[in-house]
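Asks: sequence and computational prediction follow.
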Amino acid sequence: MGVIEFKNVGKIFGSRASGFVALEDINLEIRDKEFVAIVGPSGCGKTTCLRMVAGFEPATDGVVSVDGNPIKRPGPDRAVVFQQFALFPWKTVYENIDLGLRNLNVSRPERRERIDAILTLMNLTAYAKHFPHQLSGGMQQRVAIARAYVLDPDVLLMDEPFGALDAQTRVVMQEELVRLARKNPRSVLFITHAVEEAVYLADRVAIMTRAPGRIKEVLDVASIRNAENWDSHEKIEDVMDLESFVHLRTHIWRSLREEKAAQHA
Amino acid sequence: MQKSISLTESIILGCIGLIGFIGLWHGLSVSGLFPSVFLPSPIEVYDRFMVLLDRRFAGATLPAHMLASFERFAYGFILAAVIGIPLGLLMGWYQLLDEIVSPLFDALRFVAPIAWVPFAALWFGTGIGGPIMIIFAGAFPPCVINAYRGAKFVDPRLIEAANMLGTPSHRVIREVLLPSSVPSIISGLRVSAGLGWQSLVGAELIVASAGVGYMMVQGQANIQTHTVMAGMVAIGLVGLALDSALRLVERIIQRRRGLDQ
């Protein structure tokens, strides 16, 4: 199972009296094996939402829980893919992926088997003995995704994972993630400011307001995706040309633009 | 912008400095301004150095004295590294330990190693134990401080990554803090080797019955200033060799991680 729940969650950085109110009254449930993307203007606190699920930040108000258990600390049941990859530079690709499994006390033969499988799935087999600095940004992020997926976590947390990649690599990675997520579904919380990315990847898209961040609306993409059969198109640009896709994207854009306008008013 | 200096240029400039210094020294010593016992000429010192290489003075030849000194140094330095580096890393990871140890450590590290001489002699004797303690006193603080700084300045994202992978503390220390702190630790070891080597000679001036420092004290007692200076040259050369060796280690490690340039 992997049900993530935000219940009346608020986050204040600094003191309650004079601190910065980052999040206010967040209510959101991510169902088991559902892919939810949060989009919002920069500084709206979307990354903070993810960091609370990861156990890196405590909530000031309310409760963040997974399967009903309030989150107290980070753990391998909630694997994180970071924007800046955060691979260990002194460990090889293989060793980076291995660390989490060693921490779970998985036996050596089973570790080898699982790592080999994920390396194959992510097209990384030839690079097992390479160090991160010998790989391109896209490859490094693939390793980071492999490091998270190999743990077979209930919950996968992705914090703008493609934000540091160039446009072409980004598209390839998005297509691969869709392939991976459909084949091997997990409960995913995906943070991004790229609207197309959110619509392409997610089952539901939550739109946040500018700070203090609140959830403004949640759009159901999955029902439209299934009705219009988006997954029959292999390439991202074909999906992006579909009228139903354009319609959703424009809706989200308008919603975000209102936030921008409000900020400048 | 400053023009960058090539390797050959830097070697030539280094030689110019050295030759200039020796020339000035020689000029002063032959000028007749001072008696030669005040300032032996470079040639006298060189001759004495060569003589001491195979003639016993104060019970041993110069290489034997150097070996005795180096052995003490090695024990004290290794002891300082073996205790200091883990302590520094632990202080960087466990805030409680940091709070308990830091004030004490910060006060103690300002006590010059030489000040420990009476206690080193009392507690560990004047054979090998006493000098080792004094070298340890000199070499220990940079080991602790640099390991601590290394551990404190680890990229916080790597700590978060380790935590989300469920990494237990002992493994975070060994596999994240330690490797990440290697550059800082190595530069700490360089400072530590320098201070340790300096304290050693100070220690030998007082305790010990062999070693370069001891030889120099005996030279002083016999009004052989050229022996004292030959000892200084030997100390300088060993110090330079130590530092070059550690710098080489530093470069090899950086290169292996692809962090050079």
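Replies: Done, it's in. Numbering: from 1, shown residues only, chains lettered A, B, ... in the order given.

Asks: now do the contacts for whichever residue of the stretch 151-265 of chain A sits closest to chain B.
Replies: Relative to chain B, the nearest point of the stretch 151-265 of chain A is A:Leu151 (7.5 Å; Cβ to the nearest Cβ). Yep, even glycine has a C-beta here, placed from its N, CA and C like the rest. Residues counted as contacts of A:Leu151 (Cβ atoms under 8 Å, 6 or more residues apart in numbering or on different chains) are A:76, A:79, A:100-101, A:104, B:165.

Asks: are any of these buried, and which?
Replies: Taking 16 or more other Cβ atoms under 10 Å in any protein chain shown as the criterion, what is buried in these is A:76, A:79, A:100-101, B:165.

Asks: in CSV, list the residues you listed along with secondary structure.
Replies: Shown next, in CSV, are the buried ones among the contacts of A:Leu151 (DSSP: H, G, I helix; E, B strand; the rest coil):
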residue, secondary structure
A:Pro76, coil
A:Ala79, strand
A:Gly100, helix
A:Leu101, helix
B:Leu165, coil
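
Asks: could you find the closest non-adjacent residue to A:Thr209?
Replies: A:Lys216 (5.0 Å; Cβ to Cβ, 6 or more residues apart in numbering or on different chains).

Asks: buried residues, the helix or strand hosting B:Ala64. List them.
Replies: Assigned by DSSP states H and E, B:Ala64 belongs to helix B:62-93. Neighbour-count burial for helix B:62-93 flags B:62, B:65-66, B:68-70, B:72-73, B:75-77, B:79-81, B:84-93 (criterion: 16+ other Cβ under 10 Å).

Asks: please pull up the helix or strand immediately following that helix.
Replies: helix B:95-108.

Asks: just the mean pLDDT for that following helix, thanks.
Replies: Across helix B:95-108, pLDDT averages out at 90.

Asks: what's next to it, contact-wise?
Replies: Contacts for helix B:95-108 (Cβ under 8 Å, 6+ apart): B:87, B:90-92, B:141, B:144, B:148.

Asks: quick one: buried residues of it?
Replies: B:98, B:101, B:105.

Asks: from the residues you listed, pick the one nearest B:Pro131.
Replies: B:Phe105 (22.5 Å; Cβ to Cβ).

Asks: now the closest one: how far from A:Ala86?
Replies: B:Phe105 sits 32 Å away from A:Ala86, taking Cβ to Cβ, to the nearest Å as the criterion.

Asks: tell me where the stretch 51-200 of chain A has strands.
Replies: A:61-66, A:69-70, A:78-81, A:155-159, A:187-192 (DSSP state E, counting those that start in this stretch).

Asks: any residues touching the third one, and which ones?
Replies: This means strand A:78-81. Under Cβ under 8 Å, 6+ apart, the answer for strand A:78-81 is A:50, A:53-55, A:66, A:71, A:74, A:100, A:141, A:144-145, A:147-149, A:151, A:153-159, A:161, B:160-161, B:164-165.

Asks: only whichever of those residues are buried, select them in PyMOL.
Replies: Command for PyMOL, covering only those of the contacts of strand A:78-81 found buried under the criterion 16+ other Cβ under 10 Å:
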select buried, (chain A and resi 50+53+54+55+66+71+74+100+141+144+145+147+148+149+151+153+154+155+156+157+158+159+161) or (chain B and resi 160+161+164+165)
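
Asks: closest to A:Thr250 out of the contacts of A:Leu151?
Replies: So of the contacts of A:Leu151, ranked by how close each gets to A:Thr250 (Cβ to Cβ), first place is A:Ala79, at 33.4 Å.

Asks: part of a strand, is the residue nearest to A:Thr209?
Replies: Yes - per three-state DSSP, A:Lys216 lies within a strand segment.

Asks: for the residue of the stretch 151-265 of chain A closest to chain B, phi and psi?
Replies: A:Leu151 adopts backbone torsions of phi -80, psi -10, taken as degrees, to the nearest 10.

Asks: where's residue 205, which helix or strand?
Replies: Reading this off chain A. strand A:204-208.

Asks: wrong one, I was asking about chain B
Replies: helix B:178-206.
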